[in-house]
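Asker: Sharing a model that was predicted from the sequence below.
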Amino acid sequence: MKSIKEIFDSFEKEEKTKNILLKEQEDLYPSLERFVDAQEQIYEMALEEVKNGKKLSHWIWYIFPQLKGLGQSGNSYYYGIDDIEEAKAYLKHPILGKRLQEITSAFLLLDKGAEEVFGGLDAMKVRSCMTLFDEVSEDDLFEKVLEKHYHGEKDELTIKRLYIKPQSDKILLGAIAGDVIGSFYEFHACKSTDFGLFYDASRYTDDSVMTVAIADWLLTGDSLLEIMQDYGNRYPAAGYGGMFYSWLKAREPKPYNSWGNGSAMRISPVGWAFNTLEETLEAAKQSAEITHNHPEGIKGAQATAASIFLARTGKSKQEIKKYIEQIFGYNLSRTCDEIRPTYLFDESCQGTVPESIIAFLESSDFESAIRLAVSLGGDADTMGAITGGIAEAFYGGVPEHIKKEVLKRLPNEFIKVMMNFYQKFVEKKI
Ligand SMILES: [Mg+2]
């Protein structure tokens with residue numbers, strides 16, 4: 001069990017990382033429009049009611065929103081705030097943030113108790129709302145309301161839901177961990193294995209978002225195209241390449257003959273979902289060619305998925321090397337020390353997948369695999385993701401100290417999907 005201080009320390013760290021993301025993602029929550037729409041006819045009336053000290057009509061859900069998951073009703077779900085990021089965006093929103101502060105200030109001025117103003121149930125909802133926004137607000141308005149009207153008692157459930165991530169010792173995380181660690185070095189090549197694994201700026205990028213999308217596809221069997229577009233558009237600032245970004249936005253997206261490493265960075269779940277190598281290769285092809293239908297794009301995805309399949313089915317490094325060299329023609333008979341001095345940033349499959357596999361072949365454990373991949377000084381997050389997926393399969397997981405730091409940096413949605421994936425596909429195979 002974590003102490004409160006640990007929770008808050010880790011939260012503070014997480015916040016710093018997320019602030020960077022948030023700056024790039026001002027438009028991440030266009031869905032806040034649901035509040036603007038709902039408030040349009042009713043806000044002024046709600047404000048008057050609060051000023052007069054008596055709520056008379058029904059508007060609590062979208063005037064004082066709470067964290068999603070606290071209530072059971074459709075309204076509580078629809079108007080529930082997803083997480084810290086959405087709460088921050090709400091406060092920053094030019095209309096919604098201002099109104100929430102205005103109506104909260106009106107409530108603060110009242111000398112009547114919360115129950116008298118709102119009624120018992122809604123008084124609790126307002127407390128949840130105050131608790132939520134106090135956690136993300138820079139001033140003490142919400143705290144003052146909690147002090148004056150709720151004896152300084154926050155809503156414990158809101159705090160708990162906000163900070164405590166789901167139990168996650170059973171989760172597929174290798175590729176995502178490699179992405180998060182590598183993200184710091186994508187544009188600052190580090191030609192050494194001696195580097196810090198995590199910084200405030202270490203973050204998940206497109207590699208992780210699309211890995212989760214592929215896992216979701218394998219779990220649900222729904223349209224891969226729709227799932228990828230859905231995730232891509234909901235996490236728009238993850239650092240997509242230009243062509244892929246256009247594909248995400250297209251009404252009728254078509255593959256664009258790419259040999260970029262995007263097909264390989266997202267493939268790791270495929271390496272776990274099938275019982276035979278043939279099925280694995282076929283699904284890898286299918287998942288690649290929706291965008292990367294160039295033979296090298298397909299090959300990169302297949303070689304990565306095959307490496308994972310072979311690693312998790314007990315093949316030795318020598319066997320994996322031999323198979324990949326024979327089937328895909330990659331030259332794996334080089335060392336990281338030979339590659340590193342002249343290796344440059346490269347986003348092609350043919351220029352990153354073999355090198356990422358070599359980093360795995362040379363490694364002695366998960367961490368050293370990622371260190372070797374990043375040390376080459378190329379597309380570090382993607383190479384981390386490719387190597388990480390294979391290393392996880394070979395070494396049987398991601399070490400706890402890495403897992404902990406990675407999980408702190410992921411949206412709950414990613415964690416849930418990758419845990420479900422683990423439960424359905426990984427658990428029974430290890
Ligand atoms: Mg990336």
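Answerer: Noted; the coordinates are in hand. Numbers count the residues shown, from 1 in each chain.
Asker: Just give the number of residues close to the residue of the stretch 151-300 of the chain found nearest the ion.
Answerer: Closest residue of the stretch 151-300 of the chain to the ion, CB to the ion: residue 205 (3.4 Å). Just so you know, the C-beta spots here come from the backbone N, C-alpha and C atoms, and that holds for glycine as well. Residue 205 has 24 neighbours, counted by other CB atoms under 10 Å.
Asker: which residue sits closest to residue 277, ignoring its sequence neighbours?
Answerer: Nearest non-adjacent residue to residue 277, counting by CB to CB, 6 or more residues apart in numbering: residue 309, 5.6 Å away.
Asker: which strands and helices sit next to the helix or strand where the one you found lies?
Answerer: If you go by DSSP states H and E, residue 309 is part of helix 295-312. Other helices and strands packing on helix 295-312, by 3 or more CB pairs under 8 Å, 6 or more residues apart in numbering; DSSP states H and E, are helix 262-265, helix 270-273, helix 277-289, helix 317-328, helix 353-362, helix 380-395.
Asker: Can you lay out those helices as CSV showing mean pLDDT?
Answerer: Formatted as CSV, the helices and strands packed on helix 295-312 follow (pLDDT from 0 to 100):
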stretch, mean pLDDT
helix 262-265, 97
helix 270-273, 98
helix 277-289, 98
helix 317-328, 98
helix 353-362, 98
helix 380-395, 97
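Asker: What mean pLDDT does stretch 76-85 get?
Answerer: Average pLDDT, stretch 76-85: 84.
Asker: can you put the helices and strands packed on helix 295-312 in JSON lines and add distance to the ion and mean neighbour count?
Answerer: Formatted as JSON lines, the helices and strands packed on helix 295-312 follow (distance: least, CB to the ion, whole Å; neighbours: other CB atoms under 10 Å):
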{"stretch": "helix 262-265", "distance to the ion": "7", "mean neighbour count": "31"}
{"stretch": "helix 270-273", "distance to the ion": "18", "mean neighbour count": "26"}
{"stretch": "helix 277-289", "distance to the ion": "17", "mean neighbour count": "19"}
{"stretch": "helix 317-328", "distance to the ion": "23", "mean neighbour count": "16"}
{"stretch": "helix 353-362", "distance to the ion": "13", "mean neighbour count": "26"}
{"stretch": "helix 380-395", "distance to the ion": "4", "mean neighbour count": "31"}
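Asker: I figured the residue of the stretch 151-300 of the chain closest to the ion hits residue 235, correct?
Answerer: No - contact criterion CB atoms under 8 Å: residue 205 and residue 235 do not qualify, at 9.5 Å.
Asker: Please state the offset of the helix holding residue 309 from the chain centre?
Answerer: Its chain's C-alpha centre and that of helix 295-312 lie 23 Å apart, by CA atoms, centre = their mean, to the nearest Å.
Asker: Alpha carbons only: can I get that helix in PDB?
Answerer: C-alpha atoms of helix 295-312 as PDB (Å, rounded to 0.1, in the frame of the first residue of the first chain):
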ATOM      1  CA  PRO A 295       6.600  -4.700 -48.900                       C
ATOM      2  CA  GLU A 296       9.200  -3.300 -46.400                       C
ATOM      3  CA  GLY A 297       6.400  -1.900 -44.200                       C
ATOM      4  CA  ILE A 298       4.800  -5.300 -44.100                       C
ATOM      5  CA  LYS A 299       8.100  -7.100 -43.600                       C
ATOM      6  CA  GLY A 300       9.000  -4.900 -40.600                       C
ATOM      7  CA  ALA A 301       5.700  -5.700 -38.900                       C
ATOM      8  CA  GLN A 302       6.000  -9.400 -39.600                       C
ATOM      9  CA  ALA A 303       9.700  -9.700 -38.500                       C
ATOM     10  CA  THR A 304       8.800  -7.900 -35.200                       C
ATOM     11  CA  ALA A 305       5.700 -10.000 -34.500                       C
ATOM     12  CA  ALA A 306       7.600 -13.200 -35.500                       C
ATOM     13  CA  SER A 307      10.400 -12.400 -33.100                       C
ATOM     14  CA  ILE A 308       7.900 -11.900 -30.300                       C
ATOM     15  CA  PHE A 309       6.100 -15.200 -31.200                       C
ATOM     16  CA  LEU A 310       9.400 -17.100 -31.200                       C
ATOM     17  CA  ALA A 311      10.600 -15.400 -28.000                       C
ATOM     18  CA  ARG A 312       7.500 -16.300 -26.100                       C
END
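Asker: Between helix 277-289 and it, find me the angle.
Answerer: Orientation of helix 295-312 against helix 277-289 (axes from the mean of the first three to the mean of the last three CA atoms, to 10 degrees) gives an angle of 140 degrees.
Asker: Same question for helix 295-312: list its buried residues.
Answerer: Within helix 295-312, the residues scored as buried using 16 or more other CB atoms under 10 Å are 296-312.
Asker: With stretch 247-262 instead?
Answerer: So, applying 16+ other CB under 10 Å, buried residues of stretch 247-262: 247-248, 253, 256, 258-262.
Asker: same question, stretch 179-193
Answerer: Per 16+ other CB under 10 Å, stretch 179-193 contains these buried residues: 179-186, 189-190, 193.
Asker: From the opening residue of it to its closing one, how far?
Answerer: This stretch, stretch 179-193, spans 16 Å end to end (CA to CA, to the nearest Å).
Asker: That one and the ion, any residue contact?
Answerer: No - figure legend: stretch 179-193 not in contact with the ion (CB under 5 Å from the ion); closest approach 6.2 Å.
Asker: Skipping adjacent residues, who's closest to residue 382 in space?
Answerer: Nearest non-adjacent residue to residue 382 (CB to CB, 6+ apart): residue 265, at 4.5 Å.
Asker: isn't the one you found right up against residue 175?
Answerer: Yes - when contacts are counted by CB under 8 Å, residue 265 is listed as touching residue 175 (7.2 Å).
Asker: Mind listing the shared neighbours of those two?
Answerer: 207, 211, 385-386 (CB atoms under 8 Å, 6 or more residues apart in numbering).
Asker: which pair in the residues you listed spans the largest distance?
Answerer: Comparing all pairs in these by CB to CB, the longest separation belongs to 211 and 386, at 10.6 Å.
Asker: list the residues that contact both of those two?
Answerer: Shared contacts of residue 211 and residue 386 (CB under 8 Å, 6+ apart): 175, 265.
Asker: follow-up on the earlier one: just the buried residues of helix 295-312 that are near the ion?
Answerer: Contacts with the ion within the buried residues of helix 295-312, as defined by CB under 5 Å from the ion: none are present.
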